[in-house]
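Novice: Generate a structure from the sequence data that follows.
(4 chains)
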There are 4 protein chains.
Amino acid sequence: MPDKMRAAIFVKPGEIVLGEKPVPQPGPLDALIRITTTTICGTDIHILKGEYPVESGLTIGHEPVGVIEKLGSAVTGYEEGQRVIAGAITPSGWSNASLDGCHAQCGAGTQHGWKAIGGWRFGNTIDGAQADYLLVPDAMANLAPIPDGLSDEQVLMCPDIMSTGFGGAESGRIRIGDIVAVFAQGPIGLCATAGARLMGAAEIIAVESVPARVEISRRMGADHVVDFTREDPVEAIMRITKGRGVDVAIEALGKQATFEAALRSLRPGGTLSSLGVYSEDLTIPLDAFSAGLGDNSIRTTLCPGGKERMRRLMATVEAGRVDTAALVTHHFGLDDIETAYDLFGHQRDGVLKVAIRP
Amino acid sequence: MPDKMRAAIFVKPGEIVLGEKPVPQPGPLDALIRITTTTICGTDIHILKGEYPVESGLTIGHEPVGVIEKLGSAVTGYEEGQRVIAGAITPSGWSNASLDGCHAQCGAGTQHGWKAIGGWRFGNTIDGAQADYLLVPDAMANLAPIPDGLSDEQVLMCPDIMSTGFGGAESGRIRIGDIVAVFAQGPIGLCATAGARLMGAAEIIAVESVPARVEISRRMGADHVVDFTREDPVEAIMRITKGRGVDVAIEALGKQATFEAALRSLRPGGTLSSLGVYSEDLTIPLDAFSAGLGDNSIRTTLCPGGKERMRRLMATVEAGRVDTAALVTHHFGLDDIETAYDLFGHQRDGVLKVAIRP
Amino acid sequence: MPDKMRAAIFVKPGEIVLGEKPVPQPGPLDALIRITTTTICGTDIHILKGEYPVESGLTIGHEPVGVIEKLGSAVTGYEEGQRVIAGAITPSGWSNASLDGCHAQCGAGTQHGWKAIGGWRFGNTIDGAQADYLLVPDAMANLAPIPDGLSDEQVLMCPDIMSTGFGGAESGRIRIGDIVAVFAQGPIGLCATAGARLMGAAEIIAVESVPARVEISRRMGADHVVDFTREDPVEAIMRITKGRGVDVAIEALGKQATFEAALRSLRPGGTLSSLGVYSEDLTIPLDAFSAGLGDNSIRTTLCPGGKERMRRLMATVEAGRVDTAALVTHHFGLDDIETAYDLFGHQRDGVLKVAIRP
Amino acid sequence: MPDKMRAAIFVKPGEIVLGEKPVPQPGPLDALIRITTTTICGTDIHILKGEYPVESGLTIGHEPVGVIEKLGSAVTGYEEGQRVIAGAITPSGWSNASLDGCHAQCGAGTQHGWKAIGGWRFGNTIDGAQADYLLVPDAMANLAPIPDGLSDEQVLMCPDIMSTGFGGAESGRIRIGDIVAVFAQGPIGLCATAGARLMGAAEIIAVESVPARVEISRRMGADHVVDFTREDPVEAIMRITKGRGVDVAIEALGKQATFEAALRSLRPGGTLSSLGVYSEDLTIPLDAFSAGLGDNSIRTTLCPGGKERMRRLMATVEAGRVDTAALVTHHFGLDDIETAYDLFGHQRDGVLKVAIRP
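Specialist: Modelled structure (predicted):
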């Protein structure tokens, strides 16, 4: 194992560079994994643009696939050389939030805390996955062995994209026979579509305008794709549902336009499952929400993490229930990660997700 | 039975008058009840002010206690002379919404419809309870016999106030040991406080400034009452909860100030249970909602109705688990209902609820 | 409309005959439908054998597909001539049980009752569907219009088989990624398999030995089919799950052998969803249930009914999410129903379900 | 800190003696606590009698109240000298079962295991609390600081009795207005009664014959106490509920007689919450369970553990919502623990729980 490693480092807004850092040493509860594949997330672009603040010098990235290089002194049950993933969210398991089942809100580093999004540590409060090596905290709660026969790319969406997207379907409490709308078909919205299909939705209406995404949306399970540049999505949904509205609307963008359209497309008693990271204050129009009298819910979901979640997602991939390989549209070496950021950040060339291989 | 009866009739915004109407005749599924006690709701004041539109000529009121006078030809299982209540919301039982458990959104009058707040008919889409007689639609789903030994006043809060207030606690999914904040201690907020206590909340923080309501809030179960005119309620809640925030916040006013304070008082993963009728568009500030990443929920609840709900609430009163007698602060005859509206509408003389006895 | 009609009548144990009855007249809440297709259920065979007692002279059958012939005087929202189905279970909508969401336990005929399986009326407490005409009680809660384009056979499984089978998956609260075992692959077990697949189970293990059922089990979604005549099903399940056990076991036979094997195949915390009609007292062996310390549940489900349930199931068929056409292996006219009983009762000729067309 | 300590050691069936053991040294994830108060559980009597097998030489006891003496090298967030409790069940937090919210089934010591009752370690698979010192595994998930102002005795019921009893009410999913029966009013049954009251049950029927327990049962919240030696409990429950049956029956003994009576007392759709440790195979009579068609559930619950659970329970005590002080009927020093076993094991002198103070 070398002393130094490459890492994609946030310098200042507008600048993420490939730099060099010492290979970290695992503490008693940690594991060091050698990254074999990782990717860039939309959230990383928020960081790059300075919209989501992190400390200068931090290594970015929260979607690791790799091999165990070294285990902390108190870590048992794993072997060096094992292929593993870890979720984007790394709950401790032992925090009060985590013990209450609220893993993503695990107050990492505090004993009793319930700090919002405290469970998101990689590339947020500690060094992340876009590097040769990654230190995984609370390794026993977070390292999930990859089933034999699954490639890196087959599980690359599990740490964040699939966990978040499926989480949106789950938080919507979709039932067999539901009608579901999914607003925006980026990688997370696409996985929400797949999740809605997996949970038994009878009719899935995706809202998207980019042709390549329309195409893959249908492959992931959408029955209808509404192009909001051509018709008002609420009107289209009401037409398709014969005026009934949808049981569950999944919002995967975080903007007022989609949030409000999602509200307006709900049937009385319906649920808005909110996945998009809000980039502005959102307004609930009085009339879109029946003045609070419609028995509606808005539920937000941060990517569920922890090794049991990862095990379940990989089991779903292994069983062939979902195939996210098509989401990986481009490949780069770690040395080319700045190019990858440029491509992904500008959404060029029909990019959905990039695979980065150190 | 006379031909004519007295009724509190909405004429135009600003004008509800006691007038005369024919006593209605029950259709096959209806029942006619003679009102023995009823009351005025805050919603009726919204109607009076023209903030919530209803048709001119409509009899107002949705909180009936009475005696069965006449049963529709297809109604079985009841006897004339029986003392009964009906909920403010009168689900048909047979609508799709109702059969799906979403009784308050029952699309009354449509076969397959899911019209928002369609279950609220009394004093909204059909003649209401502030009269000598009331026609109860879908009587078999809605007439709930009053247990022997309970007075009219003991059950007067069941049709709306208690059902809605408890509903707010239930929608918050309060668990044993939770910390709960209740914003505003009007009649519904007070019943939400009682409901939180009944569900096992370990600590209940009410937010209210009117001294008489502060007093009764403690009697209904509040451990702390924060006077928002003296200190910022979010700061007070964070102080009381040692920075943790509350598991559940119940909002019982429907204004931006309380809605936003309720959001800001939530712990990560916490739920805002929204009971207040919104009187304006509401804004979700980015920072108050962790940009949608806090695993928080906002759940709205319209008063649950139907005879089974009423049976349960009356059983709770009968068992002495809750005592809402103290909420009835004033008494009037039906002839004096305009005076009662004046008192209640201006919140004079410490009024909480008035009992109207035809 | 004629005065007389044909009907399959239970005479005494061992004897169901095609006889003649007057065509019934609908009461105010009823509808008369002309049966176009119906079928025989395993429960009917229990009745035939005298294992489940019903009154002599009763018309058997609870799975109607038909056309509205005549509506009761108080029934609105339907038209004569409409194609409809009704569930095997016909909740009133207005009973306390039904208003509490427990439709199948609706105490039909009593006001406040919660009589077990009271919701099952057709061919149990009132005349059933194996006839030219059927009286549907509480028609507004039970008549579900058939979507255009769906044939009788496509919806024939909805009233009971699909509703019960899916209900077993739903009561198991299957989550994405679960491992599920389904014991017995008769029509209901096959639909439980399909339901488990629809809800996102990652791995489905069916237990069945009849070759034709093994074949269709795979088509309905089973990943593994264990032949219990060749190996112990618990051992097989533990081998397949690598010693972990299943998250949910669905029991669709009601015998000690399958019930006990289902218990033994559960992981700690797992749920046994019990669909089979018990034909004997069942024993919970101390060691199969961790002496009551395994956080396990046993949940029983009677076929969910009501028009909203039927609407959802037909929507699922319409969307192509499930295809139960293959379950109909034989066709008979009503005149040949005694032959059909003989074939079905003896499970000859690979029969799964028969379609009976008056 | 001395080298040696006293401990109540299981030698062989019939023999638990006070012996001497070395004071253990904490591993990296452990904490050593000095016991200030502990107690004897009914399960310990099962161990004593040889009905529940543990290894010879094991220290018994799983209900610790104490002071942190020494922290493992990897344990952060606590201080030596802090007053703490730990639950009877000590989940790791990081096992798959624990991460899935199934803490009591946490397969301690295995990486991926879901071993039944694996979360129960104290006095079962590792040395327990009836000693001068106790090693707490996975300390960060299990040590719960005692709020200032609460005495040892006030929190002594939290680790097992209250957590299990409340767990029975929670697993019954009791709703406001429910009617609940609790079979057997030993310490756990009494806490189930208190839990049912806390969750809003309108009517609680306890079944018990020992006069002292009848008395305390009423103090804990029972509205009726049925003496099963004087009348058949099912008949009494049906009389009290006017033939309706109970929504939830909690069984706290684990014998056929109470299990069967609990089943027979359920309304259709009702839930049996099973807390008692089964001491024999249990039978579900066909007729007591509506042949599996009553939409009933049987749910078993092992004592929920982990520090967050303990925090919630202590908050409930701190708020005065429940008072279990009356359950402690006798006090002993550790030197007299054999006498305490004799008294408790033979249920002499009206004993409910004993406090043991090293």
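
Novice: Within range of chain C, give me the residues from the stretch 251-358 of chain A.
Specialist: Selection of the stretch 251-358 of chain A residues close to chain C by C-beta under 8 Å from any C-beta of the partner chain yields A:311-313, A:315-316, A:318-319, A:321. For every residue, glycine as well, the C-beta is placed using N, CA and C.

Novice: Would you mind giving those residues as JSON lines with pLDDT added?
Specialist: Putting those into JSON lines (pLDDT from 0 to 100) gives the following:
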{"residue": "A:311", "pLDDT": "97"}
{"residue": "A:312", "pLDDT": "97"}
{"residue": "A:313", "pLDDT": "98"}
{"residue": "A:315", "pLDDT": "97"}
{"residue": "A:316", "pLDDT": "98"}
{"residue": "A:318", "pLDDT": "97"}
{"residue": "A:319", "pLDDT": "97"}
{"residue": "A:321", "pLDDT": "97"}
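
Novice: which residue does the stretch 201-350 of chain A bring closest to chain C?
Specialist: Distances between the stretch 201-350 of chain A and chain C by C-beta to the nearest C-beta are smallest at residue A:312, namely 3.2 Å.

Novice: residues near residue A:293, how many?
Specialist: Residues within reach of residue A:293, counting by other C-beta atoms under 10 Å in any protein chain shown, total 24.

Novice: contacting residues around it?
Specialist: The contact partners of residue A:293, by C-beta atoms under 8 Å, 6 or more residues apart in numbering or on different chains, come to B:116-117, B:120, B:277, B:300, B:302.

Novice: And those, which two are furthest apart?
Specialist: Maximum pairwise distance among the contacts of residue A:293 (C-beta to C-beta): 13.7 Å, between B:120 and B:300.

Novice: ok so, going back, just curious, which of the residues of the stretch 251-358 of chain A next to chain C is nearest to chain D?
Specialist: Within the set of these, residue A:311 lies nearest chain D; the separation is 6.5 Å, counting by C-beta to the nearest C-beta.

Novice: I'd say the closest one and residue A:146 touch.
Specialist: No: shown here, residue A:311 and residue A:146 do not form a contact pair, counting by C-beta atoms under 8 Å, at 10.0 Å.

Novice: More neighbours: the two, which one.
Specialist: Shown here are residue A:311 and residue A:146; by other C-beta under 10 Å, residue A:146 has more neighbours (24 against 21).

Novice: nearest residue to residue A:63 other than its sequence neighbours?
Specialist: In space, not counting the residues next to it along the chain, residue A:63 is nearest to residue A:159; the distance is 4.3 Å by C-beta to C-beta, 6 or more residues apart in numbering or on different chains.

Novice: Now do the SS call for that neighbour.
Specialist: Classification of residue A:159 into helix, strand or coil gives helix, according to DSSP: H, G, I helix; E, B strand; the rest coil.

Novice: wait, what's in contact with it?
Specialist: By C-beta under 8 Å, 6+ apart, residue A:159 lies in contact with A:62-65, A:85-88, A:305, A:310.

Novice: From residue B:180, how far out is it?
Specialist: In this structure, residue A:159 and residue B:180 are 35 Å apart, going by C-beta to C-beta, to the nearest Å.

Novice: Please apply the same query to residue A:286.
Specialist: The gap separating residue A:286 from residue B:180 is 26 Å, by C-beta to C-beta.

Novice: Settle it for me: which of the two has more neighbours?
Specialist: Neighbours per residue (other C-beta under 10 Å) separate residue A:286 from residue B:180, with residue B:180 holding more: 32 against 16.

Novice: wait, doesn't that one sit right on residue B:174?
Specialist: Yes: counting by C-beta under 8 Å, residue B:180 touches residue B:174, with 6.0 Å between them.

Novice: For the helix or strand where residue A:164 lies, which helices and strands make contact with it?
Specialist: Taking DSSP states H and E as the definition, residue A:164 sits inside helix A:163-171. The elements that helix A:163-171 packs onto, with contact taken as 3 or more C-beta pairs under 8 Å, 6 or more residues apart in numbering or on different chains; DSSP states H and E, are helix A:187-198, strand A:246-251, strand A:266-274, helix A:307-318.

Novice: Next, the angle from the last one to strand C:246-251.
Specialist: Right, the one you point to is helix A:307-318. Going by axes from the mean of the first three to the mean of the last three C-alpha atoms, to 10 degrees, helix A:307-318 is angled at 60 degrees with respect to strand C:246-251.

Novice: Now look at helix A:307-318 and say if it contacts chain D.
Specialist: Yes: against chain D, helix A:307-318 shows contacts by C-beta under 8 Å from any C-beta at A:307-309, A:311.
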